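Chemist: Give me the fold of what follows.
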Amino acid sequence: MNDEADDLSGPFGFEVDPRRAEVIGEIHARPFLLFEAPRTVVHLAFLTSAAAAQRDRDRMSRLCLAQGVSGPGPAARHFVLDYLGGRLRWEQHAEFTTYTFDAPSAAFAEENGLPFGREVAAPGPLISACRVDLRLGSRTDPPPLDGFDPTSLCVSRAMGGAATIVTDFRQDADGLTRIRIVDHELKGAQMGALVQRLLEIETYRTLALLGLPEARRLTPAVSEVEHGLAEVTEAMRSSSGLSGNSRLLDQLSGLAARLEADAAASAFRFGASHAYHDIVHDRLASLREETVEAYSTWAGFLSRRLAPALRTCTSVEERQEKVSTKLTRATQSLRTRVDLELEQINRALLTSMNRRAKMQLRLQQTVEGLSVAAISYYVLGLIGYLADGASEAGLPFDPAIAKAVSVVVVVAVVALLVRRVARRHSDPGGDEDD
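Modeler: Numbers count the residues shown, from 1 in each chain. Coordinates of the predicted model:
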């Protein structure tokens, strides 16, 4: 009884599902960090494969050990390290890894004030990079817009008007997308939540657009398959004969294989783009934006840019599905035609084989008749020699009568023997019956 109790680690001694800790922990995964203005945040996102992610985890663990702290565990997906007078946050996602460093704004003006490029090496290709500057300001003051491109400038109130957020979604001289947050009256963890949402919007909107180059690459390929399908279906109208239809069927199979290979290769990218777009939409909704006169909101600007790109991806997916359906119908139709032609050929072949079998049977019957005559002739010749010899020896019978009588007997016996032999050769089970 005590041994069973020792195995139970849940509340009131109940057995715990092994997935419970992971599920509960997911609720608290990647918590908001606390920020106070003035502060600067630099955020980098790298595309990483499974092998690269493991190497990056090992590198992060060594960096933590060099600072005298234990690094992320084998199953950890995020970790925060106090470093260079600020905080270095490491996160691993399904296909990318992010490094976020924040420190007082004054520290960024110092030489070697950032860990990137030294202790933090790129685990994969850089896909997103941005800098967030946190400032204090009054609601009544005009938003600080210095350094931004006015042609794509987005300014709005966020979090119920408690902050103003500014960006132009363009890269500066350092290759970073600049975001400015003016804190009016954010409270508690609101600033941390706002910073994380803006970083996610910048990261995920970039990842969502990765499907667009794939869609552009596949568009000519889908068009070629559509053109090839049109040519084959047009040729099907005048095609006849097994060889011609088989050639068209091979062409359809090649088109289908090419289309399915492209669709399989792009399925993940298109699916991920839609998922990232949904995340961006959710994060934009959570900002609770309020319009600032004469400026575009973040949601309005990104909707105008992201929606056409996602529609392009959706269009390519739909074209692939429609062409695949048409290829399937054309293939089935042509395969039915080929099957019918094969049946006709097989029917003609069976008819020919049946005719040949009948001819062979007749020939066999003719041969059997000739065989009976030939064998009987030789047997009767032997009997004739015996009868003549017996008559010369003085036996009391007429050799001519003996020969005449033996003709009927010999022919009957030989005919029965020849028929029996032929039946045994034509019947597979004849030997077993005997």
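
Chemist: Could you use CA atoms for every contact and neighbour count after this?
Modeler: Noted.

Chemist: residue ranges with poor pLDDT in the stretch 101-250 of the chain?
Modeler: Residues of the stretch 101-250 of the chain meeting the criterion pLDDT under 70: 109-113.

Chemist: quick one: the strands in it?
Modeler: Taking DSSP state E, counting those that start in this stretch as the test, the strands found in the stretch 101-250 of the chain are 126-136, 154-158, 163-171, 177-183.

Chemist: can you redo those as JSON lines with distance to residue 100?
Modeler: Output for these, formatted as JSON lines (distance: least, CA to CA, whole Å):
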{"stretch": "strand 126-136", "distance to residue 100": "10"}
{"stretch": "strand 154-158", "distance to residue 100": "22"}
{"stretch": "strand 163-171", "distance to residue 100": "17"}
{"stretch": "strand 177-183", "distance to residue 100": "14"}
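
Chemist: Just tell me which of those ends up closest to residue 382.
Modeler: Residue 382 lies closest to strand 126-136 among the strands of the stretch 101-250 of the chain, at 107.5 Å (CA to CA).

Chemist: same for the longest helix along the chain, what does it pack against?
Modeler: For the chain, the longest helix by residue count, based on DSSP state H, is helix 298-392. Packing partners of helix 298-392 (3 or more CA pairs under 8 Å, 6 or more residues apart in numbering; DSSP states H and E): strand 154-158, helix 190-208, helix 211-238, helix 242-286, helix 399-426.

Chemist: The longest one relative to strand 154-158, how many degrees between them?
Modeler: In this structure, helix 242-286 runs at an angle of 60 degrees to strand 154-158, with axes from the mean of the first three to the mean of the last three CA atoms, to 10 degrees as the basis.

Chemist: related to what we said a few turns ago, any idea which of the helices and strands packed on helix 298-392 is most buried?
Modeler: Neighbour counts (mean count of other CA atoms under 10 Å) averaged over each of the helices and strands packed on helix 298-392 peak at strand 154-158, with a mean of 24.

Chemist: Quick one, which of the helices and strands packed on helix 298-392 gets closest to residue 384.
Modeler: Residue 384 lies closest to helix 399-426 among the helices and strands packed on helix 298-392, at 5.9 Å (CA to CA).

Chemist: what's the distance between the closest one and the middle of its chain?
Modeler: 78 Å (CA atoms, centre = their mean, to the nearest Å).

Chemist: cool, stretch 141-155 as well?
Modeler: On the basis of CA atoms, centre = their mean, the separation between the geometric centre of stretch 141-155 and that of its chain is 44 Å.

Chemist: so how far is residue 195 from residue 102?
Modeler: The span separating residue 102 from residue 195 equals 11 Å under the rule CA to CA, to the nearest Å.

Chemist: Can you get me a residue count around residue 171?
Modeler: The number of residues packed around residue 171, counting by other CA atoms under 10 Å, is 14.

Chemist: Alright, I will stop here.
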